[in-house]
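In: Build me a model:
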Amino acid sequence: MHFDIILAKYLLNRKIPVNKVKYIISTVYLLTSLIMYFTLFAKEPSFGHGIIFLIIFVFFDYLRIKNLENFFRNRNKL
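Out: Next comes the predicted model:
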């Protein structure tokens, strides 16, 4: 989650619009999650591992989005 804020600060300093920053960060998170899934869980064919990974992915995505929204909301107040 700290990586998201660091990346968002870097992209915002490069004068990239907020909506595009959100899209870039979401894409990076999705790609890293897919890479993590295929390196950790896809070695054994099991339906349960996929479900567990999906639940964890959705939970951390929710936390990440809330953290990023708070950053975008409070970045001008600092």
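In: Who are the contact partners of the residue most central in space within the chain?
Out: With distances taken as Cα atoms, centre = their mean, the residue of the chain nearest its centroid is Tyr29 (3.6 Å). Taking Cβ atoms under 8 Å, 6 or more residues apart in numbering, we find Tyr29 in contact with Asp4, Asp61, Arg64. C-betas here are computed from N, CA, C, even on glycine.
In: Now, those residues that are in helices?
Out: Among those, the residues falling in helices (DSSP state H) are Asp4, Asp61, Arg64.
In: a markdown table for those, including pLDDT and neighbour count?
Out: Shown next, in a markdown table, are the ones in helices among the contacts of Tyr29 (pLDDT from 0 to 100; neighbours: other Cβ atoms under 10 Å):
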| residue | pLDDT | neighbour count |
| --- | --- | --- |
| Asp4 | 82 | 19 |
| Asp61 | 83 | 14 |
| Arg64 | 85 | 17 |
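In: and of these, the nearest to Ile52?
Out: Asp61 (14.8 Å; Cβ to Cβ).
In: I appreciate the help and will end here.
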